[in-house]
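Asker: Quick one: sequence plus predicted model below, questions after.
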Amino acid sequence: MKKLQSDSSSPLYHQLMQRLSEDIEKGKYPVGARIPPEHELEAVYQVSRVTVRRALAELTSEGLLEKKQGKGTFVSTPRISQDLKNIHSFHDACKQNGFRPGTRVIHVKETDAEKQDVEELGLREGARIIETLRVRTADGVPVVLEKNHFSMAYSYLENENLAGSLYLILRDYGIEPKQAVHDVSMTFATESQAKLLAIDAGAPLMRLHEIVYDQKGRPLHSSIQLIRGDRFVFRI
């Protein structure tokens, strides 16, 4: 095994991060495998406990590893990464990260606009909207519970197959999502949400609230996405 270089411009903890990342990528430590304990890593790479802990902490924050209380550090299930600075559909984000995207449509229906819809979508009081509720999956695993609200200008969505990329459908109608305003917070899964996402009721979820605008700067839709943090990560 090639030793870490103490005289390198790259810090030892960063070298150790790269070495462990390469071992994971090559399959030496597959998903779910336990990483050797700190004292073993110290001996193998001839570095300090501080260096080992820094490397493991950094890899954990990046989502490559996860700590299990009293059990050790393990290779985590890969998470989908999405850059909030760009407009990407979940479908595209999955493909870019090497996952097979999927969608289960819960409902597509016409309903009354609420006060928030009137403000966000620029509607009149008493207007109607189109609501879509879908479960987005990656390699068959539920990851996101997504609710979108559209004005009635998009009523044609009721007749479309929404089991794929919604943005691809909109592009066929000449609509291009161009920018969005984001609001990220934390919430906890209700029983119905937990059932759809295959998690325990009360489990923490990321809540992403978006208002998406089209190529002419008009409100396209509002969205609330409840996201499993163990399967998804945002870059800001």
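Answerer: Looks like it came in fine.
Asker: where does this structure dip in pLDDT?
Answerer: Within the chain, the segments meeting pLDDT under 70 span 1-3, 7, 81-88, 233-236.
Asker: Please enumerate the helices of the protein.
Answerer: 12-25, 38-45, 49-61, 90-96, 115-121, 166-172, 191-197 (DSSP state H).
Asker: Leu123 is in contact with Ser151, isn't it?
Answerer: Yes: the pair Leu123 / Ser151 is scored as a contact, 6.0 Å apart, by CB atoms under 8 Å. The way it works is simple: take the backbone N, C-alpha and C, and place the C-beta from them, glycine included.
Asker: returning to that earlier point: could I get the helices of the chain as JSON lines with distance to Glu158 and mean neighbour count?
Answerer: As requested, the helices of the chain are arranged in JSON lines below (distance: least, CB to CB, whole Å; neighbours: other CB atoms under 10 Å):
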{"stretch": "helix 12-25", "distance to Glu158": "45", "mean neighbour count": "17"}
{"stretch": "helix 38-45", "distance to Glu158": "57", "mean neighbour count": "15"}
{"stretch": "helix 49-61", "distance to Glu158": "43", "mean neighbour count": "17"}
{"stretch": "helix 90-96", "distance to Glu158": "20", "mean neighbour count": "18"}
{"stretch": "helix 115-121", "distance to Glu158": "17", "mean neighbour count": "16"}
{"stretch": "helix 166-172", "distance to Glu158": "12", "mean neighbour count": "16"}
{"stretch": "helix 191-197", "distance to Glu158": "21", "mean neighbour count": "15"}
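Asker: what touches both of Leu123 and Ser151?
Answerer: Contact criterion CB atoms under 8 Å, 6 or more residues apart in numbering; residues shared by Leu123 and Ser151: Ile129.
Asker: Could you pull up the residues touching Val141?
Answerer: By CB under 8 Å, 6+ apart, the contact set of Val141 is 198, 231.
Asker: returning to what we had before: want to throw the helices of the chain into CSV with distance to Leu220?
Answerer: CSV is the format used below for those (distance: least, CB to CB, whole Å):
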stretch, distance to Leu220
helix 12-25, 38
helix 38-45, 49
helix 49-61, 34
helix 90-96, 16
helix 115-121, 9
helix 166-172, 8
helix 191-197, 25
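Asker: Domain map for this protein?
Answerer: Listed domain ranges for the chain are 12-75, 80-235 (source: automatic domain parsing).
Asker: still on that earlier bit, so for Ile211, which of the helices of the chain sits nearest?
Answerer: Proximity to Ile211, assessed across those by CB to CB, is greatest for helix 115-121 (5.1 Å).
Asker: With distance to Gln5 as extra columns, can I get the domains of the chain in CSV?
Answerer: Converted to CSV, the domains of the chain look like this (distance: least, CB to CB, whole Å):
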stretch, distance to Gln5
domain 12-75, 7
domain 80-235, 30
